[in-house]
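**Q** Fold the stuff below for me.
(2 chains)
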There are 2 protein chains.
Amino acid sequence: MSVKPSLPKGTRDLLPEAMQKREYILSVLKEVFRKYGFLPIETPAMENLGTLTGKYGEEGDRLIFKILNSGDFIKKSNKDAFVADDSNAFGQSVSEKALRYDLTVPFARFVVQNQNDLHFPFKRFQIQPVWRADRPQKGRFREFYQCDADAVGSDSLLLELEFIRMYDEVFKTLGVDAAIHMNNRKLLGGLAAALGITERLGEFTIILDKLDKIGEEGVRKELDKNGFDPKVGDGLFEIIGATGSNEERLEVVSKLVSSTEVGAKGVEEAKFLLENLKQLNLKNEVVLDISLARGLDYYTGAIFEVKAKNVEMGSIGGGGRYDDLTGIFGIKNLSGIGISFGLDRIQIVMEELNLFTDEQVASTEVMFVNFGEKESLFSLTLANDLRDLGVKAEVYPDNAKMKKQLDFANKKNIPNVVMIGSQEMEAGKFSMKNMLSGEQKEYSRIELLEHFSTQKGNQYGRH
Amino acid sequence: MSVKPSLPKGTRDLLPEAMQKREYILSVLKEVFRKYGFLPIETPAMENLGTLTGKYGEEGDRLIFKILNSGDFIKKSNKDAFVADDSNAFGQSVSEKALRYDLTVPFARFVVQNQNDLHFPFKRFQIQPVWRADRPQKGRFREFYQCDADAVGSDSLLLELEFIRMYDEVFKTLGVDAAIHMNNRKLLGGLAAALGITERLGEFTIILDKLDKIGEEGVRKELDKNGFDPKVGDGLFEIIGATGSNEERLEVVSKLVSSTEVGAKGVEEAKFLLENLKQLNLKNEVVLDISLARGLDYYTGAIFEVKAKNVEMGSIGGGGRYDDLTGIFGIKNLSGIGISFGLDRIQIVMEELNLFTDEQVASTEVMFVNFGEKESLFSLTLANDLRDLGVKAEVYPDNAKMKKQLDFANKKNIPNVVMIGSQEMEAGKFSMKNMLSGEQKEYSRIELLEHFSTQKGNQYGRH
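**A** The predicted structure follows:
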């Protein structure tokens, strides 16, 4: 009665090679987060359904995975909804819990619930999977990791500078050439005020957010279709079309929006950031991009989006400043700023650009061929000595044919193979083969340990 | 309309302090796993319901969290079951997916499904949460991490030796004094054969497994209640009661069980392990413990359980050899061996024994007090230089009262605070306060960078 194994659609296994790459990226992210004073937290996969519903819009609510109540849940179910074929209402009555849809809402819940144990301004990072019942597509999964860093409890623009530098440092370390696009919701607000459409800012932002996909003409058509005056598009594209340095383009915006209160504030903030970026020693370019809108409506200040250069890929990171993350859970006006990293996309970018080095995805460094019980037990003592030096070593567990053992080493990308038969044991000299060059060399026990401990020394020196 | 935030029962948030400890333990586990040739994998949180049901017994099936199907699930539901108030059958008809209950069944599914992309003998480790609808108790959660390492595709006893050494190395590195208990299912099988109860081995093992809880008398009573001959208990406790070294006690077992085929094999395996343990340079004690049974019935050879010394706590690790992990999914007779680590319990043990050092749970190393915009921007350049040296540094984002800023540093366990006001900026000399000793010292910019880079140098040297 064997079951042919399969996975739910939209989910995937991660095999060692993919995992090694992912763990390398995560190690870089975590080290940068920690260097800037961020500490890790985790929240449970399950939240109360009421914590999540209503936070992601109607479409979002439909994409939340609900957990069926345990026990005799039928008794307490909404039988009218069942009879009426109302799966939505019935579902609410048989599930109290749901899988988290993102890390933002759980984080807001976390901050309010644990406020007495947190020290504000509170800087946290969080790297956990989220689940969405989206239609699975190529490269889009129903389970995927989000990597977020947020600082809440301060409206200081120093944080904007720190987040920009964190983006820069992460992508510099990973070797990804990135452009960090920056805008400010207050500039968009000022633009709306100047164009007399303040009360339609949300709609306007959503249309602007489509610029990448539908182009200027498309945006103008959408504006027209939604009853905006043609002057709105004219004003918008006058600013977006401006050329020159960040500072010069900010001047163009400033002329249009500085007469409005919110616009003037936006100009002041953007100016402060542009001025102080210079002393951050960034490797990657920061682009003031007035066309950047970001979909989420809770942003209120600076917004960011990172794009990889030299490769076709959407944004590999994004975030921004918000003023009221936690209001819905009872703490009003807690200002904060957060950014996230698109783990899957960063991995794809790095693969396409061949940025992973052998060292980053290295598995075992040295394998001992197994020539029988006595020999393998001897090899094991050497392997253990190497492990104690920090070397990744393994003994092939079975006395299989040489070809099979070498094949295994090749497939597992093990660069060094040591052969110790009974003669070598007696002579105290073992030959090690480099699997890449094919070169073979003899080592005594001490020489072998020295060979690897010198290598380790060098490696540590490079860190 | 604020919602008072709460969590589903049996779940918890992990705050930075707990997370730092956990991440330290995990970093040790991962490093040891990698040194022994194990590579990471991950499987999705959700499996098809059919992959999980029937694998954990009836009680286990009830504890599996089911995911409600999306969309108009009522249409395809089992309406008869609904009318009959049969929540179990109805639940099956409205949920195709479930949350993983452990890592073992998903791993078996993984091995079969990905067999063509894996290199056998395949060594993997996997560290992911699992979910069980257990009644929540103190210290028992509905979501918790499992940390497993398995090697499949070889029945070599070298692997048993390696797993014992991995246990030893992990607990040695963590500073936990541990006793590694070892038994062999074949010895228990031989015992059963010698006592004439081979066909009741499963029952016998389950009763023996309770020894820790109910003692010798309790086990004898249970055996009696279940109709075992009193000679069974006599034979069992003759062996369990034997004293002396591991080798001497194995001799006692050997006398009773070596006449049976399975028993003789068990003695041979145990002898091999005991003999070769000596050359592993273990720090922790290995105890041949014939009373060790392990609940799961898929074990067929060596079984292990690790207990912390000097603290009251159940097992902090366990595992063993199995012969048919993947049969249910279509690959028969794939032998393997695996161990797991009890992350939560290890953390509690280390807390009780005060084993976490400041360094392991360190947050930011140096904080800059914020005396205003100009000063804080200057501090930021220094913080950035320190970060580039690998130092964890932060600038307090707001120009708050000094007391508030120092309180924050204290609460976040930041050991060093640098104060740069306008005078210090001009003089180029900054005072740094050690928050533990209260000591204050002056540094120039270069001196400050040197101070920390020397510290870093020492730290790396110690690794």
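**Q** Can I get the helix or strand where A:L274 lies in PDB, CA atoms only?
**A** Using DSSP states H and E, A:L274 sits in helix A:261-277. What follows is helix A:261-277 as a C-alpha-only set of coordinates in PDB (Å, rounded to 0.1, in the frame of the first residue of the first chain):
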ATOM      1  CA  GLU A 261       2.400  72.200   3.700                       C
ATOM      2  CA  VAL A 262       2.800  68.400   3.100                       C
ATOM      3  CA  GLY A 263       4.900  69.000   0.000                       C
ATOM      4  CA  ALA A 264       7.200  71.400   1.700                       C
ATOM      5  CA  LYS A 265       7.800  68.800   4.500                       C
ATOM      6  CA  GLY A 266       8.500  66.100   1.800                       C
ATOM      7  CA  VAL A 267      11.000  68.300   0.100                       C
ATOM      8  CA  GLU A 268      12.700  69.100   3.500                       C
ATOM      9  CA  GLU A 269      12.900  65.300   4.300                       C
ATOM     10  CA  ALA A 270      14.200  64.400   0.900                       C
ATOM     11  CA  LYS A 271      16.800  67.200   0.900                       C
ATOM     12  CA  PHE A 272      18.000  66.000   4.400                       C
ATOM     13  CA  LEU A 273      18.500  62.500   3.100                       C
ATOM     14  CA  LEU A 274      20.200  63.500  -0.200                       C
ATOM     15  CA  GLU A 275      22.600  65.800   1.700                       C
ATOM     16  CA  ASN A 276      23.600  63.200   4.200                       C
ATOM     17  CA  LEU A 277      23.800  60.200   1.900                       C
END
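**Q** next helix or strand past it?
**A** For helix A:261-277, the following helix or strand on the C-terminal side (DSSP H and E) is strand A:285-288.
**Q** Who are the packing partners of the lengthiest helix in chain A?
**A** The single longest helix within chain A, with elements called by DSSP state H, is helix A:16-35. Packing contacts for helix A:16-35, counted by 3 or more CB pairs under 8 Å, 6 or more residues apart in numbering or on different chains; DSSP states H and E, involve strand A:122-131, strand A:143-152, helix A:157-174, helix A:343-352, strand B:39-40. No exception for glycine: its C-beta is placed from N, CA and C like everyone else's.
**Q** Can you get me a residue count around A:V28?
**A** The burial count assigned to A:V28 is 19, neighbours taken as other CB atoms under 10 Å in any protein chain shown.
**Q** no no, A:L292
**A** Around A:L292 there are 25 other residues, counting by other CB under 10 Å.
**Q** Could I get the helices and strands packed on helix A:16-35 in JSON lines, plus columns for mean pLDDT?
**A** As requested, those are exported to JSON lines (pLDDT from 0 to 100):
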{"stretch": "strand A:122-131", "mean pLDDT": "98"}
{"stretch": "strand A:143-152", "mean pLDDT": "97"}
{"stretch": "helix A:157-174", "mean pLDDT": "98"}
{"stretch": "helix A:343-352", "mean pLDDT": "96"}
{"stretch": "strand B:39-40", "mean pLDDT": "98"}
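**Q** Dump those to CSV, plus distance to A:E305 and mean neighbour count.
**A** What follows is those, written out as CSV (distance: least, CB to CB, whole Å; neighbours: other CB atoms under 10 Å in any protein chain shown):
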stretch, distance to A:E305, mean neighbour count
strand A:122-131, 19, 22
strand A:143-152, 15, 21
helix A:157-174, 10, 23
helix A:343-352, 12, 18
strand B:39-40, 30, 21
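**Q** Which positions in the stretch 251-400 of chain A make contact with chain B?
**A** Counting by CB under 8 Å from any CB of the partner chain, the stretch 251-400 of chain A comes close to chain B at A:276, A:279-281, A:327-330, A:363-364, A:367, A:370, A:376-377, A:380-381, A:384, A:387, A:390-398.
**Q** Which of those residues fall in strands?
**A** Within those, membership in strands is found for A:M367, A:A393, A:E394, A:V395, as judged by DSSP state E.
**Q** Show the contacting residues for the second one.
**A** The reference is to A:A393. Residues near A:A393 by CB atoms under 8 Å, 6 or more residues apart in numbering or on different chains: A:364-368, A:382-384, A:386-387, B:35-37.
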